[in-house]
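Participant: Build me a model from this:
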Amino acid sequence: MANNDLFSPLASLQWVDRTKLKANDYNPNKVSEDNLKLLVQSILTNGWTLPIVVRPDYTIIDGFHRWTVSGREPLYTKLGGKVPVVIVDHDDEADDVYGTITHNRARGTHLLEPMKAIVKKLMDEGKTVPEIGKQLGMKPEEIFRLSDFSREEFLAMMTKGVQGYSKAVVYRST
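Facilitator: Prediction:
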């Protein structure tokens, strides 16, 4: 940062039209479509909690995927086409690259045992597999692997409240 003021990015917080922003040409981070959907769900559930970090010319340093999903419905309409940004003005363009990489790497990864404990706690609290799947972006199989329930117990939870099964239909080609 030009003046090494740690407060200056947040002092610049503003909501701007998302069309002002542009992607940088060096971000090595890729996100699957499933995780983009999860990001949308996160914003719908929690609100917009992290601004997009941009250079003074509105090139994105961090937040490309938040910016991407802000153009999708229902977020685009709910946000009025705007996104929150903070401006970071580095003296050296290399600092922009460093900012992108360090923001991405500092987010870390989820460890198996704590995730198992979280899933188990949610299920013990009566949260359903579909709700956990929606909120955490997990498929039922992943929840099962993390839940420590037996296959039979898990299937009973999955089918709780299901009234019988649909009748099988045989289609014959003519």
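Participant: Kindly report the domain assignment for the chain.
Facilitator: Residue ranges for the domains of the chain, per automatic domain parsing: 8-106, 112-159.
Participant: got JSON lines for those domains, with mean pLDDT too?
Facilitator: Shown next, in JSON lines, are those (pLDDT from 0 to 100):
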{"stretch": "domain 8-106", "mean pLDDT": "89"}
{"stretch": "domain 112-159", "mean pLDDT": "79"}
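Participant: Output these as CSV; include the columns mean neighbour count.
Facilitator: Where C-beta positions appear, they are placed from N, C-alpha and C, glycine not excepted. Below are these laid out as CSV (neighbours: other CB atoms under 10 Å):
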stretch, mean neighbour count
domain 8-106, 15
domain 112-159, 14
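Participant: so what strands line up beside the strand ranked longest in the chain?
Facilitator: Assignment by DSSP state E gives strand 82-87 as the longest strand of the chain. Looking at strand 82-87 with DSSP bridges, its paired strands and their directions are strand 14-17 (antiparallel), strand 52-54 (parallel).
Participant: Helix, strand or coil: sort out the closest residue in space to residue 115 that isn't next to it in sequence for me.
Facilitator: Nearest non-adjacent residue to residue 115, counting by CB to CB, 6 or more residues apart in numbering: residue 146, 5.7 Å away. What DSSP: H, G, I helix; E, B strand; the rest coil gives for residue 146 is helix.
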